[in-house]
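> Generate a structure from the sequence data that follows.
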Amino acid sequence: MMCSRVLPVLLSLCIVHSASAAKCMLVMSYQQGYAWNDGVQKGVESILAGKCELKIFYMDAKHNKTPEHARAMAKAAKKLIDEYKPNVLIASDDYASRYLVSKYYKNTGLAVVFCGVNWNVSKYGYPYKNVTGMIEVAPIQPLIEVSKKILGEIKNVVYLGADTLSEHKNSRRIVTVLRRQGIAVEVSLVTSTDDWKKTFINSQMADVIILGSNAGIAGWHNKEMAAFVRMQAKKMIVTNHSWMAPFSMYAMTKIPEEQGEWAAEAAMAIVRGLSPAKIPIRVNRKWQTYINSPLLQKIGIKLNKKDFKNYIEVGGRSQLD
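Below is the predicted model:
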């Protein structure tokens, strides 16, 4: 039974799915087509199908990252929530918690389940009496340990990602973890592919390049950027994002469906009468590994794949379509 597996200790744009007695609302921080966003939504829909009427609202915060846009979208989402009157609100990723839940639904009568909030929730004042959720953490230390096994000593790292709220949080956590180990870290968060390319080339002086998300970088085209990486890569490239695996040599990633499935199971537990305050906030526990053999071979590294279990091989050009 999914509920016992996912909750073991517990008895703008919108889309409407199959109707039932209960009503659920899903507010997504980002847009359809963004891999993480789509994975979370897939997880939610897989659990709620036939159990709870689902309405979805997209804040589109990767395309427009201004606070003004986020506040306007939060107001639009609130208007829809007030009209729809869901039994439970599921709020996915940081923008939904920052601009919608913490502003309009703190300790109110609406039950809220958040998911995809990076690293910690103290900034939003969680927990509230009406809120529970799943925090999103990345396997930074395991990723660095694998890199050390491959390369030996690591003295300096560059973190390269998009200039977004989530990436600022991710980079701060990575800096904290690595500096504790005496590893120097340089962070570059950019808004355009030109800046990304310049930084990538300059980063080849580092021992390891950690790629953050590309979501929010204007002009990004997968095939073009993959060709650029194949041409310019000279050092180890790793990532915690599955959609960045084709541009990396090794990836250890979060699974967005886990966030969505858990949030939906929590929502259904609430629909059945459980108080959100009785559902402990938790962190994700599942990882997926990716190996990009063509890129590894380019810099002369050959892994003993017997040391890796359940990995996915990436690097084929068809995967970039």
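> Flag every buried residue along the helix or strand residue 230 falls within.
Secondary structure from DSSP states H and E places residue 230 in helix 222-232. Neighbour-count burial for helix 222-232, counted by 16 or more other Cβ atoms under 10 Å, picks out 225-226, 228-229. From N, CA and C alone the C-beta is placed, and that goes for glycine too.
> And for stretch 280-299?
Buried, per 16+ other Cβ under 10 Å, within stretch 280-299: 284, 287-293, 295-296.
> Next: stretch 246-263.
246-263.
> Going by distance to residue 129, which of the buried residues of stretch 280-299 wins?
Nearest to residue 129 among these, counting by Cβ to Cβ, is residue 284 at 23.8 Å.
> Could you tell me the average pLDDT over stretch 180-192, please?
For stretch 180-192, the mean pLDDT works out to 94.
> chain center to it, what's the gap?
19 Å (Cα atoms, centre = their mean, to the nearest Å).
> export it as PDB, just CAs?
C-alpha atoms of stretch 180-192 as PDB (Å, rounded to 0.1, in the frame of the first residue of the first chain):
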ATOM      1  CA  ARG A 180      34.300  22.700   6.400                       C
ATOM      2  CA  GLN A 181      36.500  20.200   4.600                       C
ATOM      3  CA  GLY A 182      39.000  22.900   3.600                       C
ATOM      4  CA  ILE A 183      37.900  23.000   0.000                       C
ATOM      5  CA  ALA A 184      37.800  26.500  -1.600                       C
ATOM      6  CA  VAL A 185      34.600  27.200  -3.500                       C
ATOM      7  CA  GLU A 186      33.800  29.900  -6.100                       C
ATOM      8  CA  VAL A 187      30.100  30.500  -6.900                       C
ATOM      9  CA  SER A 188      28.900  31.900 -10.200                       C
ATOM     10  CA  LEU A 189      25.100  32.300 -10.700                       C
ATOM     11  CA  VAL A 190      24.300  33.600 -14.200                       C
ATOM     12  CA  THR A 191      21.300  34.700 -16.300                       C
ATOM     13  CA  SER A 192      22.500  34.000 -19.800                       C
END
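> Give me the residues contacting it.
Defining contact as Cβ atoms under 8 Å, 6 or more residues apart in numbering, one finds that stretch 180-192 is touched by 144, 154-164, 167-168, 171, 174-175, 178-179, 196, 199, 203, 206, 212, 216-219.
> 7 Å instead?
Residues outside stretch 180-192 that contact it (Cβ atoms under 7 Å, 6 or more residues apart in numbering): 154-163, 167-168, 171, 174-175, 178-179, 196, 199, 217-219.
> thought residue 114 was touching residue 98?
No. Using Cβ atoms under 7 Å, residue 114 is not in contact with residue 98, being 10.4 Å away.
> of these two, who's got more company?
More crowded of residue 114 and residue 98, by other Cβ atoms under 10 Å: residue 114, with 31 against 21.
> pretty sure the more buried one belongs to a strand, no?
Yes. Counting by DSSP: H, G, I helix; E, B strand; the rest coil, residue 114 is found in a strand.
> In contact with it, which residues?
Counted by Cβ under 7 Å, 6+ apart, residue 114 has contacts 91, 97, 101, 131, 133.
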